[in-house]
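**Q** return atomic coordinates for the entry below.
(2 chains)
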Amino acid sequence: MKKYLSSFVCGFGAGVLQIVPVAKSLSCCLLLPAASFLAISLDRKANNLTGRIQIKKALMIGLMTGIYAAIFGSVLDLVITLITKNNDLIAAFPELQRMVNSFPLNESLKNEVLSLFQKVREEILAYGFSWLYTFSVLVNNFVVNTLFGSIGGLIGAQIINSRINNTPQN
Amino acid sequence: MKFSYRIILFLLIFFWTAGIFFEFFAEEFPLLLNFVPFVKKGYSLVCHQQPEKLVYIFNTESFVCSRCMGIYSGFLIFAFINIFFEIKFDPPFKLFLIGLIPALIDSVLVTLGIYHYSKAAAGFTGFLLGTSVFLYFYRSMIELIAEKRRITFEKIP
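**A** Residues are numbered from 1 along each chain as shown, chains lettered A, B, ... in the order given. Coordinates of the predicted model:
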């Protein structure tokens, strides 16, 4: 835990910014990579490191940042849904209905698709919880956040190393 | 990096970028309709998805804004070029700033209300950022493989 403290801090920040309403509008594809970059920089500051960073280490910090962001993001998303009995999926349901109805498909297929989401919607409205929604949140968060966290770690290490290369050595 | 690895890297980026148009594919393959809200939610983790900033193709909306799409396009195009002409140089720090500053300026000026959001400007500045970031990403991948090989050689008695 202590080894990846910077990942924990930055992962928490990224997880909150991704999920909490209003802050979510700041969400961007650079958020997780930026969190990984910040985690690497914090780790270097905390350990007084000034030399080139090993790519493998940066990758691990990025990966851990992504995992922490996924954990905090998933928990926050599920808790907010449980409390408010509302979420993106419910807000997007009318749009989904419009989209499905606009597609040139037969009625039985349209009804099949809509009934699946209707069931999820009703569960969330009634209990604030749905197994299918929970599963999708966990899968999405872990896949996307770990991927972007790792990419951020790789890019961050290279940016830091390129700055060190450009700094005149005494 | 091996030719086959470069193809795999391109394909991974290609599938991620193609996912942006999942709604369009769902229209062609109705089975995918069941996954549209979940895939959209997945992309919402890495993009604000504000409706006025999304890109529309054949009346279906993309799952990311035009700046994010520009970034992914830059990644994708350079990954494709990289299959045939491998990028071997070590990108200097300036290159990152050249990619980042236009996107940052555009973003700040739009937020301050100095001019209105332009999908073309956002896409182009995103593209610049995506291309510069790909160079760092690819260089990092090469160094990661080199590090792994070094460790493997060190382990051999």
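
**Q** just for chain B, where's the confidence low?
**A** B:153-157 (pLDDT under 70).

**Q** for it, which strand is longest?
**A** Longest strand in chain B, counting residues (DSSP state E): strand B:60-65.

**Q** ok now it, how far from the chain's centre?
**A** 14 Å (Cα atoms, centre = their mean, to the nearest Å).

**Q** contacts only, for the nearest residue to A:Glu123 once chain neighbours are set aside.
**A** Excluding the flanking residues, the one nearest A:Glu123 by Cβ to Cβ, 6 or more residues apart in numbering or on different chains is A:Ser130, at 4.0 Å. Heads up, the C-betas are built off the backbone N, CA and C, glycines and all. Neighbouring residues of A:Ser130 by Cβ atoms under 8 Å, 6 or more residues apart in numbering or on different chains: A:Val120, A:Glu123, A:Ile124.

**Q** same check, this time on B:Phe63
**A** B:Gly19, B:Ile20, B:Phe21, B:Phe22, B:Glu23, B:Val39, B:Lys40, B:Tyr43, B:Ser44, B:Cys47, B:Gln49, B:Leu54.

**Q** tell me which strands and helices the next helix or strand along the chain from the longest strand of chain B is in contact with?
**A** For strand B:60-65, the following helix or strand on the C-terminal side (DSSP states H and E) is helix B:66-84. Here helix B:66-84 touches helix B:3-18, strand B:54-57, helix B:93-111, helix B:119-155, going by 3 or more Cβ pairs under 8 Å, 6 or more residues apart in numbering or on different chains; DSSP states H and E.

**Q** could you check the angle the third one makes with helix B:119-155?
**A** It stands for helix B:93-111. Angle, helix B:93-111 to helix B:119-155, by axes from the mean of the first three to the mean of the last three Cα atoms, to 10 degrees: 150 degrees.

**Q** now the first one
**A** For the pair helix B:3-18 and helix B:119-155, the angle between their directions (the same axes, to 10 degrees) equals 150 degrees.

**Q** please export the C-alpha coordinates of the following helix or strand past helix B:3-18 as CSV.
**A** Next helix or strand after helix B:3-18 toward the C-terminus (DSSP H and E): helix B:22-28. In CSV, the C-alpha atoms belonging to helix B:22-28 read as follows (Å, rounded to 0.1, in the frame of the first residue of the first chain):
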residue,chain,number,x,y,z
PHE,B,22,-20.7,1.5,-31.8
GLU,B,23,-24.2,2.9,-32.4
PHE,B,24,-23.5,3.0,-36.1
PHE,B,25,-22.4,-0.7,-36.1
ALA,B,26,-25.5,-1.6,-33.9
GLU,B,27,-27.7,-0.3,-36.7
GLU,B,28,-26.0,-2.7,-39.1
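
**Q** got a list of contacts for helix B:22-28?
**A** Helix B:22-28 is contacted by residues A:99, A:103-104, B:18, B:32-33, B:35-36, B:39-40, B:57-58, B:60-63 when judged by Cβ under 8 Å, 6+ apart.

**Q** just to revisit the earlier point, just the closest of the contacts of B:Phe63 to A:Gly73, please.
**A** Comparing those against A:Gly73 with Cβ to Cβ places B:Ser44 closest, at 10.9 Å.

**Q** just give me the neighbour total for the closest one.
**A** Residues lying near B:Ser44 (other Cβ atoms under 10 Å in any protein chain shown) number 20.

**Q** could you do the one 3 residues further on as well?
**A** The local packing count at B:Cys47 equals 22, with neighbours defined by other Cβ under 10 Å.

**Q** was I right about it contacting B:Cys65?
**A** Yes - the pair B:Cys47 and B:Cys65 passes the contact test of Cβ atoms under 8 Å, sitting 5.6 Å apart.

**Q** so where do the helices sit in chain A?
**A** Here chain A has its helices, by DSSP state H, at A:5-19, A:31-46, A:55-84, A:88-91, A:93-102, A:107-127, A:131-166.

**Q** quickly check: the last one near chain B or not.
**A** Yes - for helix A:131-166 and chain B, the contact criterion (Cβ under 8 Å from any Cβ of the partner chain) is met by A:136-137, A:140-141, A:143-145, A:148, A:151, A:154-155, A:157-159, A:162-163, A:165-166.

**Q** quick one: the helices and strands packed on helix B:66-84 as TSV, columns for mean neighbour count and distance to A:Ala34 too.
**A** Shown next, in TSV, are those (neighbours: other Cβ atoms under 10 Å in any protein chain shown; distance: least, Cβ to Cβ, whole Å):
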stretch	mean neighbour count	distance to A:Ala34
helix B:3-18	14	18
strand B:54-57	15	22
helix B:93-111	16	11
helix B:119-155	18	11
